[in-house]
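> need a 3D model of the following:
(2 chains)
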2 protein chains.
Amino acid sequence: MTIPEATIRRLSIYLRCLRHSLASGEEMVLSSHIANRCGISSSLVRKDLSYFGEFGIKGRGYKTKELIAAIEKIIGIHNRTKVIIVGAGNLGRALLKHLDEIPYFDVVAAFDKNEEKCGIEIDGIKVFHISRLSEVIKETRPDVAVLAIPPEGLQDMVDELSSLGVKGVLSFALSSVRIPRGIELSFVEIASEIEYLIYKINRRGGTKK
Amino acid sequence: MTIPEATIRRLSIYLRCLRHSLASGEEMVLSSHIANRCGISSSLVRKDLSYFGEFGIKGRGYKTKELIAAIEKIIGIHNRTKVIIVGAGNLGRALLKHLDEIPYFDVVAAFDKNEEKCGIEIDGIKVFHISRLSEVIKETRPDVAVLAIPPEGLQDMVDELSSLGVKGVLSFALSSVRIPRGIELSFVEIASEIEYLIYKINRRGGTKK
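Numbering: from 1, shown residues only, chains lettered A, B, ... in the order given. As a prediction, this is how the structure comes out:
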């Protein structure tokens, strides 16, 4: 069964809401609560969860802990996800701090090619020179690498990470890349997000000028 | 005609590639060039562009300048897009620098509620105290607000921006929000992007542990 990409993305959002509910002592949650907290309609929440069988108890909702465990199993999160950050410029450092604040991510190391940015710790996370990538990856075995590097360096970095056994790469630089076998690559394109917003505004005839 | 969201998002990526081609003096581009540069298949590039009529000349490709103008018209970009950043912490400052480097975005102001972060300039862009939001928005008339604030403050900020006539909001904090009429709100959820990568890796049976 192929589950729509949008459903998987929403599951990840539900997970964040559910962990919040559990931390607040809510042992049962209704789909309407999940919906409210995530800003998604109740019917869509129920539809998304229905892909994975019956979790809920009619009228009483879902057991929070069980639903969390079920979604984690679907996504494939077994432990804290180990992340490395490549590029310790402004964006890289901001991403490091952002991800390190999320309890189920574990930023294990950061890298930069600029010697001046290396050897320091940011929020307790070491910044290594990029020449030590192989050694540190072998030690820390990260699940995912987050790249905040210029687009020119993207292909070489993806190739190197792939050869070192990293399976997932999230890049903040957009560039044409031959994707090596065995690696999943996603892009976060902030500029495209903004342009898509502008498109939606204009389609509603909503320009204010 | 409803154009798929994915197509619009790719148009924005083509635009970035095409501007690069134009800057390098390429007056004509083939769909295969766009495809290579963007890391998207030629057939998908042609399919995306076909939604908007015939731009190309058989065998010779597209006039770069005309294609740029056509895509800009579709998205609704008439000038440089004016952006404000709310929240001048690590992420906000990184976003400011990132967007300000893109030639067709114009970051006009940043805001923070912490007095200590205000009154300074970052890359020539002033950071104002949040109490001056209304005044500065009236002066600068931004198209889009990018929010790098904690989730607790999201609803109030969206309401305020809406009342000040801002039509588009891109939030890096995920939280349930009642969306006021007349505003488009998108989220960039870095944690969800990483979890979606993990899902794709696991579906291939690709965990290395």
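> all strands for chain A, in order.
Taking DSSP state E as the test, the strands found in chain A are A:28-29, A:62-63, A:81-86, A:105-112, A:121-122, A:125-129, A:144-147, A:168-171, A:184-187.
> next, work out how far apart the closest residue to A:Arg60 other than its chain neighbours and A:His129 are.
Nearest in space to A:Arg60, with sequence neighbours left out and distances taken as C-beta to C-beta, 6 or more residues apart in numbering or on different chains, is A:Met28 at 5.9 Å. C-beta coordinates here come from the backbone N, C-alpha and C atoms, glycine included. Distance of A:Met28 to A:His129, computed by C-beta to C-beta, to the nearest Å: 50 Å.
> just A:Glu116 next, same as before
A:Glu116 is 10 Å from A:His129, where distance means C-beta to C-beta.
> and the two? Which one has more around it.
The neighbour comparison of A:Glu116 against A:His129 (other C-beta atoms under 10 Å in any protein chain shown) goes to A:His129, with 15 against 7.
> if we ignore the residues flanking it in sequence, what's nearest the more buried one?
Nearest non-adjacent residue to A:His129, counting by C-beta to C-beta, 6+ apart: A:Cys118, 4.5 Å away.
> cool, A:Ile125 as well?
Nearest one to A:Ile125, counting by C-beta to C-beta, 6+ apart, is A:Val107 at 5.2 Å.
> how about the contacts made by the one you found?
Going by C-beta atoms under 8 Å, 6 or more residues apart in numbering or on different chains, A:Val107 touches A:83-85, A:96, A:99-100, A:125.
> top of these by neighbour count?
Using other C-beta under 10 Å as the neighbour criterion, A:Ile85 leads these with 29 neighbours.
> contacts only, for the closest residue in space to it that isn't next to it in sequence.
Among residues not flanking A:Ile85 along the chain, A:Ala110 sits closest, at 4.3 Å (C-beta to C-beta, 6+ apart). For A:Ala110, the contact set (C-beta under 8 Å, 6+ apart) comprises A:84-86, A:88, A:92-93, A:96, A:122, A:125-128.
> can I get those residues in a markdown table with distance to B:Glu152 and pLDDT?
Formatted as a markdown table, the contacts of A:Ala110 follow (distance: C-beta to C-beta, whole Å; pLDDT from 0 to 100):
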| residue | distance to B:Glu152 | pLDDT |
| --- | --- | --- |
| A:Ile84 | 30 | 97 |
| A:Ile85 | 26 | 97 |
| A:Val86 | 31 | 97 |
| A:Ala88 | 29 | 93 |
| A:Gly92 | 26 | 91 |
| A:Arg93 | 23 | 89 |
| A:Leu96 | 22 | 92 |
| A:Ile122 | 25 | 91 |
| A:Ile125 | 26 | 95 |
| A:Lys126 | 31 | 96 |
| A:Val127 | 30 | 97 |
| A:Phe128 | 35 | 97 |
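> ok, A:Ser21 - contacts?
Applying C-beta under 8 Å, 6+ apart, one finds that A:Ser21 lies in contact with A:29, A:33-34, A:37, A:64.
> next, give me the two most distant ones among the residues you listed.
For the contacts of A:Ser21, the farthest-apart pair by C-beta to C-beta is A:Arg37 and A:Thr64; their separation is 11.8 Å.
> ok now do the nearest residue to A:Ile102 once chain neighbours are set aside, which residues does it touch?
Computed as C-beta to C-beta, 6+ apart, the closest residue to A:Ile102 that is not its neighbour in sequence is B:Ala191, at 5.5 Å. Residues near B:Ala191 by C-beta under 8 Å, 6+ apart: A:12, A:16, A:99, A:102, A:105.
> same thing with A:Arg10?
Contacts of A:Arg10 (C-beta under 8 Å, 6+ apart): A:38, A:40, A:44-45, A:48.
> can you list the weak-confidence ranges in chain A?
By pLDDT under 70, the low-scoring segments of chain A are A:1, A:53-55, A:174-176, A:205-209.
> centroid residue for it?
Nearest residue to the geometric centre of chain A (C-alpha atoms, centre = their mean): A:Leu170, 8.1 Å.
> who are the contact partners of that residue?
Going by C-beta under 8 Å, 6+ apart, A:Leu170 touches A:144-147, A:185-188, B:190, B:193-194, B:197.
> and the two most separated of those?
Farthest pair in these, by C-beta to C-beta: A:Leu185 and B:Ile190, 15.2 Å.
> whichever of the contacts of A:Leu170 end up buried, select them in ChimeraX.
Applying 16 or more other C-beta atoms under 10 Å in any protein chain shown to the contacts of A:Leu170 leaves a buried subset, and the ChimeraX line that selects it is:
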select /A:144,145,146,147,185,187,188 /B:190,193,194,197
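> pull the longest helix from chain A.
With secondary structure taken from DSSP state H, chain A has its longest helix at helix A:5-23.
> for it, buried residues please.
In helix A:5-23, counting by 16+ other C-beta under 10 Å, buried: A:7-19, A:21.
> taking helix B:5-23 as reference, get the angle to it.
Helix A:5-23 runs at 110 degrees relative to helix B:5-23, counting by axes from the mean of the first three to the mean of the last three C-alpha atoms, to 10 degrees.
> can you give me the helices for chain A?
Using DSSP H, helices in chain A cover A:5-23, A:31-38, A:42-50, A:64-75, A:90-100, A:133-140, A:154-163, A:190-203.
> domain-wise, how is chain A divided?
A:5-75, A:81-192 (automatic domain parsing).
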